[in-house]
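# Kindly generate the corresponding structure for this input.
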Amino acid sequence: MKSRLFILPVILFFCAYALFFAQQRASASGGTATPVERGYAEQEFRRGVQAWYRGAFNDALIQFEKALSYLPSENLILYWLGKAYYRSGMEGAALQQWRLASEAGYGGLLLKNKIEVVQNRRVTSGINRETMRFTESGNFPGKTEAAVHFSQPLSLLPLNDGSLWLIAYGSNEVLRVDANGLIVNRITGPLNGFDRPMDILQQKNGNVLVSEYAGDRLCQLDSKGRFVKYFGSKGRGNGQLVGPQFLAEDDSGNIYVSDYGNGRITVFNAAGDALFTFGKFVSPAGIAVFKERVYIADAASGSIAVYDTAGNYVENLTENGSLVNPETLRIHDTYLIAADMNRVLAVDLSSGAIQEMARTGSAPVRLTCADMDANGNIIASDFKNNEVVVFSRMNELVGGLFVQIERVYADDFPNITLDVRVENRSRKPLVGLKDVNFLITEEKRPAARQTLTGDANSNTVCDLTLIIDRSYDSAQYSQALDTAVREIAAAMKGRGTLRIVGAGQLPVSEYTGNPSLMEKFSSANLKTPLSPVVSVDLAVRLAANDLINAEPKRAIVYIAASTRAEGIKAQSFGKYGLTDTAAYLNNNGIAFLNVALDRNPPAEELNFLTEETRGGSYYIFRPQGIGALVRDVLNLPCSLYRFTYVSSLPTDFGRAFLPVEIETYVLNRSGRDETGYFAPLE
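Next up, the predicted model:
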């Protein structure tokens, strides 16, 4: 991400540097320090702040501890010591320092909120967050006093960048809407236009399919919305449609269409060739495919039926009448999201248990589609009231967003660059935000020439560190290991940096450089000796240290035989526990992925790290190849934003601690962070 630099005249500085700590702290208990002690503390504090911004958190800890030895009651130093512990993954120690500062009156509500969020993250499992209760947090109206934006929204498709495709049935168009509800693209179809579009699906090949209810066909568009061709025609034969409604795709790329007029499901391959039809329904509606099972909502019976991908009936997932008037079905994790009149329901895929996720109230409403967006909200199209409704988790509306200024670049002062990360309270990244969602201030005054210069979620380059397990168990799979490293290196296409760490009794850095040079990797060249004991925690720390200043999209890939499960459980997390290890990765934006060299289940400890860091587990010889994990890392949401602005603060020749604040606003939610930095010495 590139910076644009600007200049603004410097305003007067009201206080001398000798009084700096007295101004910043909330408690005056450190006032008995001698001028010499205060001078030493200020020097160590400055070094600590600079080390923190370099990502050298261990060095920062040492410097802040030294500063506290001179000024034991200085709350600003306590706060920064907590920040260093937090980025080091030691959240318990961070909370202890922050509580001491907060109890002394430092930080106000902002610090209290930070303590609450971090504490809740440590005790709340990430597995059940998605089924929490949602409440209405905003809407994108189809009509305002100024104009009609769209008419009768019927279906929608969330995208990884925080935007969504929206089907406007009434105005015969497909809209691209950003995270703020602004229309950024409007597609009306080929020359003859859409004929009552109903649903939209993005194919695995990147093309987009739109079902046309009155046109009795599917319209295929490319990723930019340009017409490619039609699937199907009007009729009752194979590959023909009468009033096609909702769409789904299986792992092979086959397309399933709820053929309303024919009361059946029609199946095409990815190229649009007719395959077969199946089922006999009175009113087929929403459809979804998950793990070789096809889930079909029947509006007439108020139930969801299950078929296999060959069209054979399996069972009913829910009883008749359990839903009122179901329309779309969307897969999310291990459950279906169903739009059912004024309710959004979660239907468990294994048991059929139904949980209400959101409700609009008793006013006349018709929710025709609901899905989870990239930011963890539920978005739903309200056909009757001509709007898109946004639902958020109730606890997040109350507590707000978690905003962190991760880095300040001040070498070209007064031109300043900030890296800012935005998450919800459950650590979910918020993507797709724009410059209008942020306000940078200095001492509560708006900063000059604020400019959003980079959004890491759109980056197409990632950095990976491969940790190679050097146990005797894993050594038996050297051929599979070589295959894994070579495929991953090739999938990076010469972009980004590939690092390799050997995990033995002590971890060893084996390689850092261009991925292309590892496309002929051989495990015989590894320097790390085989060992009966493998320190996974030390290897993860070493791997993460080098990734802190790497590309924003970054991950650790642990490669081992799953037969190592018992060994990992017994001896691999002796110095750094699992919780602290996961926190270290999460607090620095690093995902953890596991590659198994055999078919045995991975160790529970590795599963824990993949789940907590939103990573994944892979088997080396899976049909789609192991190199696909590079694409998965690139598709992980990344909420790091880069800004530039021009500071108006005087630096006292580079000795003054300069404050900066940023606020983030998204619909009805907001969050804030404050930090400070030092300009270069003059």
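# element containing residue 390?
Using DSSP states H and E, residue 390 falls within strand 387-393.
# wait, what's in contact with residue 276?
238, 267, 311 (Cβ atoms under 8 Å, 6 or more residues apart in numbering). Every C-beta, even on glycine, is put in place using the N, C-alpha and C of the backbone.
# Which of the residues you listed has the largest number of neighbours?
Among these, residue 267 has the most neighbours (other Cβ atoms under 10 Å), with 24 neighbours.
# does that residue have beta-bridge partners, and which?
With DSSP bridges as the criterion, residue 267 is bridged to residue 256, residue 276.
# Numbering from 8 from now on, please.
That works, and once the first residue is 8, the last one we named lands at residue 274.
# Thought residue 263 was touching it, still the case?
Yes - with contact defined as Cβ atoms under 8 Å, residue 274 reaches residue 263; the gap is 5.6 Å.
# Tell me the residues that contact both of the two, please.
Common neighbours of residue 274 and residue 263 (Cβ under 8 Å, 6+ apart) do not exist.
# Helix, strand, or coil at residue 590?
In terms of secondary structure, residue 590 is helix; the call rests on DSSP: H, G, I helix; E, B strand; the rest coil.
# List the contacts of the nearest residue to it once chain neighbours are set aside.
Setting aside the residues directly before and after it, residue 590 is nearest to residue 96 in space (Cβ to Cβ, 6 or more residues apart in numbering), at 4.2 Å. Contact partners of residue 96, counting by Cβ under 8 Å, 6+ apart, are 583, 587, 588, 589, 590, 591, 592, 594.
# Residue 96 should be in a helix, yeah?
No - Residue 96: not assigned to a helix; according to three-state DSSP it is coil.
# in the helix ranked longest in the chain, what counts as buried?
When the chain is parsed with DSSP state H, its longest helix is helix 42-61. Neighbour counts over helix 42-61 (16 or more other Cβ atoms under 10 Å) mark 45, 47-49, 51-60 as buried.
# now the helices for the stretch 558-689 of the chain?
Ranges of helices in the stretch 558-689 of the chain, per DSSP state H, counting those that start in this stretch, are 572-578, 585-593, 611-619, 635-642.
# which other helices and strands contact the last one?
Helices and strands touching helix 635-642, by 3 or more Cβ pairs under 8 Å, 6 or more residues apart in numbering; DSSP states H and E, are helix 485-498, strand 561-567, strand 597-603, strand 623-626.
# hmm, 7 Å instead?
The contact analysis (3 or more Cβ pairs under 7 Å, 6 or more residues apart in numbering; DSSP states H and E) places helix 635-642 against helix 485-498.
# is it true that residue 378 touches residue 337?
Yes - at 4.4 Å, residue 378 counts as touching residue 337 under the criterion of Cβ atoms under 7 Å.
# From residue 173, how far off is residue 267?
21 Å (Cβ to Cβ, to the nearest Å).
# Neighbour count: those two, which is higher?
Neighbours per residue, other Cβ under 10 Å: of residue 267 and residue 173, the larger number sits with residue 173, 26 against 21.
# nearest residue to the more buried one other than its sequence neighbours?
Spatial nearest neighbour of residue 173, chain neighbours left out: residue 182 (4.4 Å); criterion: Cβ to Cβ, 6+ apart.
# and what of residue 555?
Nearest one to residue 555, counting by Cβ to Cβ, 6+ apart, is residue 62 at 3.9 Å.
# same check, this time on residue 383
Nearest to residue 383 is residue 435, by Cβ to Cβ, 6+ apart, at 4.1 Å.
# Could you tell me the per-residue confidence at the one you found?
What the model reports for residue 435 is a pLDDT of 90.
# what's the answer for residue 136, then?
The model's pLDDT for residue 136 equals 44.
# Which positions in stretch 220-238 come out as buried?
Of all the residues in stretch 220-238, those buried under the rule 16+ other Cβ under 10 Å are 220, 222, 223, 224, 225, 226, 227, 228, 232, 238.
# quick one: low-confidence ranges for the stretch 8-157 of the chain?
Applying pLDDT under 70 to the stretch 8-157 of the chain flags the ranges 8-38, 130-139.
# hey, where'd the helices end up in it?
Going by DSSP H, counting those that start in this stretch, the stretch 8-157 of the chain shows helices at 27-31, 42-61, 64-77, 82-94, 98-110, 115-130.
# Output the ones you listed as a markdown table; include the columns distance to residue 504.
Formatted as a markdown table, the helices of the stretch 8-157 of the chain follow (distance: least, Cβ to Cβ, whole Å):
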| stretch | distance to residue 504 |
| --- | --- |
| helix 27-31 | 38 |
| helix 42-61 | 18 |
| helix 64-77 | 21 |
| helix 82-94 | 21 |
| helix 98-110 | 28 |
| helix 115-130 | 29 |
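# Can you tell me which of these is nearest to residue 306?
helix 115-130 (40.0 Å; Cβ to Cβ).
# In PDB, could you pull the C-alpha coordinates for the closest one?
Output of helix 115-130 as PDB, limited to C-alpha atoms (Å, rounded to 0.1, in the frame of the first residue of the first chain):
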ATOM      1  CA  GLY A 115     -11.500   6.500  30.900                       C
ATOM      2  CA  LEU A 116     -14.300   4.600  29.100                       C
ATOM      3  CA  LEU A 117     -12.100   3.800  26.100                       C
ATOM      4  CA  LEU A 118      -9.600   1.700  28.300                       C
ATOM      5  CA  LYS A 119     -12.500   0.100  30.200                       C
ATOM      6  CA  ASN A 120     -14.100  -1.000  27.000                       C
ATOM      7  CA  LYS A 121     -10.800  -2.400  25.700                       C
ATOM      8  CA  ILE A 122     -10.400  -4.400  29.000                       C
ATOM      9  CA  GLU A 123     -14.000  -5.700  28.700                       C
ATOM     10  CA  VAL A 124     -13.500  -6.800  25.000                       C
ATOM     11  CA  VAL A 125     -10.200  -8.600  25.600                       C
ATOM     12  CA  GLN A 126     -11.500 -10.300  28.700                       C
ATOM     13  CA  ASN A 127     -14.600 -11.600  26.900                       C
ATOM     14  CA  ARG A 128     -12.500 -12.800  24.000                       C
ATOM     15  CA  ARG A 129     -10.500 -14.900  26.300                       C
ATOM     16  CA  VAL A 130     -13.500 -16.700  27.800                       C
END
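# from the contacts of residue 96, which two are the most distant?
Longest span within the contacts of residue 96, Cβ to Cβ: 583 and 594, 13.5 Å.
# of those two, who's got more company?
residue 594 (24 against 20).
# where's the residue nearest to residue 105 when sequence neighbours are not counted relative to residue 620, distance?
Computed as Cβ to Cβ, 6+ apart, the closest residue to residue 105 that is not its neighbour in sequence is residue 89, at 4.3 Å. Residue 89 is 22 Å from residue 620, where distance means Cβ to Cβ.
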